[in-house]
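Colleague: Need coordinates for the below:
(2 chains)
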Amino acid sequence: MASEIIETTPSGENSVGIVETQFATLFEPPHELVTSGGKTLGPITVAYETYGELSPEKDNAIFICHALTGDAHAAGIHSDEDTKPGWWDDFVGPGKGLDTDRHFVICANVLGGCQGTTGPSSIDPVTGERYCLSFPVVTVGDIVEVHYALARHLGVEKLLAAVGGSLGGFQVLEWAARYPDSINAAVVLASAANLSAQGIAFNTVGRRAILADPNFHDGKYHEHAEGPRYGLSLARMLAHITYLSEDSIEQKFGRRLQHSDKLAYDLLRETEFQIESYLHYQGKRFVERFDANSYLYLTKAMDYFHLEDKYGSIAKAFRNTDIRFLVVSYSTDWLFPTSQSREIVGALIETGKHVTCTEYDAPFGHDSFLIDLEPLSRLLHPFLEQAQHLRSSGEKTTSRNKK
Amino acid sequence: MAKTTTNRYRYHIPDPTEVITDEIILQHIEAGSKVVDLGCGDGRLLSLLRDEHDCEVLGVELDQESIFAAVSRGVSVVRDDLDQGIPTIPSGAFDYAVLSQTLQQVRNTTRVLREMLRIARRALVVLPNYGNWKVRVQVALHGRAPVTEALPYEWFDTPNVHWMSLRDFRDLVDRMGIRIVKELPIIGKKAVGRAWAANFRADNALYVLESANSETTDSKNVGQPTHD
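Modeller: Numbering: from 1, shown residues only, chains lettered A, B, ... in the order given. The predicted structure is shown next:
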């Protein structure tokens, strides 16, 4: 659930270089996915990218779970002319936080998304038309079931780690609860065991903006010249504010005006302040790359995520695992505050699990997990090294889980 | 020989006596216990407890460099500021909460002690003794702030914000309704089970503490000191 608009520059020698999005077809009938809502869905196309090499022992695979509007393209560029690297390029590459010299990194677009994986804008094989709103409601659990199937499809029985921020963190937690034997380590960034009521509130306003747009046409806007551009960009503008912090907005824009140093006394001038201009720009850019129906489905999946509800308690969700957890929060993140990370950590400690947690002082609000990568990378290296070491030595990872 | 420290944001300061202190702490924690070390530093004590005593361990530390070091040893660490309490750790999650050479460095001493006994059945505290005769001599005869082997910092550069003797500490825990299950004076490099004039002779001391209303009121579970 982060903006993922961070401008990165192609990083040259530290880059994974030119990569290609690949596609896998999973859940082919009669083995369709049965969604949490009881609907069947299949076949499902999954768009994914991989970086680095899978070791002969197949023990170095790391799965990146992306946030609300991310995609499979986490790192590298798609061609020599491509000036915009993947959304986590500063974190994924040779020698970086997720070191592709050592690890085999997988990133896949989520189920219900709009960047290659089956979602509401895909063609329903039964009708030959786009699913639109006939696409089943999907949950974080459904998303993870598809990720899990992809990992196995790629020959990985057990991941070294699943890593994700925000909605990606939801997926990592769900993965750990649902398939406890399929990962060694779980890295949860700027996330929580459930979306807060405040988070649901922002999501519902965003959805309402889309649904109320006259160009929404009950989700069948593809048949019309114009989609719900206004509603989708409004949803994005609202959400984008929640990804920033008071301080970062103040520092970056303050009360500065965009085009003049005098107030215009013009009610209808939309972009008088710099912050207005910035949000409009973000909204406009978002509409070019994201599908309104996917936005509805994925925000709903976030709203529904609630480990406690599903498993009885956070502690019960993880009772059968010896996964090593790393839980990271950021001091200025008010959408997923540190208190929500503490909730996860407290439950893990209570049940004697291995958990390391830290809050970083970063000014960028919720988006910090996409920006403040240096301290995280440093911590991740020994953390992953230990997870891999304990795995390959076959040692009991911890005496903390014995009882 | 004064040591200097410039990093105000860490509790755990490398200490020449810490290897000996670790040994003594190890002797007072039963194998297989759940142990949390407050101000765990690089996780050395906890990795010993885990590897040699089969303990389930967790560190609490504020300093990011120390956290990297502890995680590199495979020790899990929760980053918390002891002066803000330890909100991340649920009540009763541990058998022992260890606080070694750190109590004199936190601002809110009573709060830290209460937090220790909230999260653990027993608190194990090692602290320096400002009642030691070498300290008294430096203060009384030379009129100087003390610098000793056990207290190696110059007054202007010390992480220690509280100055207490064993007597002072006994008074405090008594007032707080905390029971001293065991007091073990450490003289030089030796733990001395029954030291005469401990408040005068001890450089450091180890305390095993319990809530006064705790049900386990005998000390049968506490390892007896073997040094004497």
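Colleague: all contacts plus neighbour counts: C-alpha atoms, from now on.
Modeller: OK.
Colleague: low-scoring stretches of chain B, by residue?
Modeller: Across chain B, the ranges flagged by pLDDT under 70 are B:1-18, B:214-228.
Colleague: separation between the residue lying closest to residue A:367 once chain neighbours are set aside and residue B:49?
Modeller: Nearest residue to residue A:367 in three dimensions, chain neighbours excluded: residue A:243, at 5.4 Å (CA to CA, 6 or more residues apart in numbering or on different chains). From residue A:243 across to residue B:49, the span is 42 Å (CA to CA, to the nearest Å).
Colleague: More neighbours: which of these two?
Modeller: residue B:49 (24 against 21; other CA atoms under 10 Å in any protein chain shown).
Colleague: for the more buried one, what are its contacts?
Modeller: B:26, B:55, B:56, B:57 (CA atoms under 8 Å, 6 or more residues apart in numbering or on different chains).
Colleague: Which single residue in the stretch 1-150 of chain A comes nearest to chain B?
Modeller: Proximity of the stretch 1-150 of chain A to chain B (CA to the nearest CA) peaks at residue A:97, 13.7 Å away.
Colleague: Can you report how many residues lie near that residue?
Modeller: Residues near residue A:97, counting by other CA under 10 Å: 20.
Colleague: Which element, helix or strand, includes the closest residue to it other than its chain neighbours?
Modeller: Nearest non-adjacent residue to residue A:97, counting by CA to CA, 6+ apart: residue A:377, 3.9 Å away. Element membership for residue A:377 (DSSP states H and E) is helix A:374-392.
Colleague: starting at the chain centroid, how far to that helix?
Modeller: Centroid separation for helix A:374-392 versus its chain: 21 Å, with CA atoms, centre = their mean, to the nearest Å.
Colleague: likewise stretch B:188-196?
Modeller: 16 Å.
Colleague: follow-up on the earlier one: show the contacting residues for the residue nearest to residue A:97.
Modeller: Per CA under 8 Å, 6+ apart, neighbours of residue A:377: A:91, A:96, A:97, A:98.
Colleague: quick revisit: out of the contacts of residue B:49, the closest to chain A would be?
Modeller: Chain A has its nearest neighbour among these in residue B:56, at 4.1 Å by CA to the nearest CA.
Colleague: Got the phi and psi for that closest one?
Modeller: phi -90, psi 120 (degrees, to the nearest 10).
Colleague: isn't it right next to residue B:32, touching?
Modeller: Yes - using CA atoms under 8 Å, residue B:56 is in contact with residue B:32, at 6.7 Å.
Colleague: which one of the two has more residues nearby?
Modeller: The neighbour comparison of residue B:56 against residue B:32 (other CA under 10 Å) goes to residue B:56, with 28 against 19.
Colleague: what's across from the more buried one in the sheet?
Modeller: residue B:34 (DSSP bridges).
Colleague: do you know how far it is from residue B:28?
Modeller: Residue B:56 is 15 Å from residue B:28, by CA to CA.
Colleague: what does chain B have sitting close to chain A?
Modeller: For chain B, the residues in contact with chain A (CA under 8 Å from any CA of the partner chain) are B:34, B:50, B:54-57, B:68, B:71-74, B:76-80, B:87-90, B:93.
Colleague: Show only the entries of the residues you listed found in helices.
Modeller: When these are checked against helices (DSSP state H), the matches are B:50, B:68, B:71, B:72.
Colleague: Let me see the contact set for the last one.
Modeller: With contact taken as CA under 8 Å, 6+ apart, residue B:72 is in contact with A:382, A:383, A:385, A:386.
Colleague: The chain: strands as residue ranges?
Modeller: Just so you know, I chose chain A. For chain A, the strands defined by DSSP state E cover A:22-26, A:33-34, A:40-41, A:44-51, A:61-65, A:92-93, A:98-99, A:104-108, A:159-165, A:183-189, A:324-330, A:354-360.
Colleague: Chain B, not that one
Modeller: B:34-38, B:56-61, B:77-79, B:94-100, B:120-128, B:178-187, B:190-191, B:204-211.
Colleague: tell me, what residue is most central in chain A?
Modeller: When CA atoms, centre = their mean is applied to chain A, the residue found nearest the centroid is residue A:67 (1.6 Å).
Colleague: So for it, what's the pLDDT?
Modeller: At residue A:67, the pLDDT value in this model is 98.
Colleague: Equivalent analysis for residue A:400, please.
Modeller: Per-residue confidence (pLDDT) for residue A:400: 41.
Colleague: what does residue A:169 give?
Modeller: Reported pLDDT at residue A:169 in the predicted model: 98.
Colleague: ok, now how distant is it from residue B:194?
Modeller: Distance from residue A:169 to residue B:194, counting by CA to CA: 54 Å.
Colleague: quick one: residue A:171 and residue A:138, what's the gap?
Modeller: 13 Å.
Colleague: ok, back up a step: just the contacts of residue B:49 now: which is nearest residue A:202?
Modeller: Closest approach between the contacts of residue B:49 and residue A:202, by CA to CA: residue B:57, at 40.0 Å.
Colleague: Might one say that residue A:20 is in contact with residue A:78?
Modeller: Yes - under the criterion of CA under 8 Å, residue A:20 makes contact with residue A:78 at 6.0 Å.
Colleague: Which residues does stretch A:331-350 contact?
Modeller: Contacts of stretch A:331-350 with the rest of the structure, by CA under 8 Å, 6+ apart, involve A:166, A:190-193, A:196, A:198-199, A:242-245, A:314-315, A:318, A:327-330, A:354-355, A:357, A:359-368, B:87-90, B:93.
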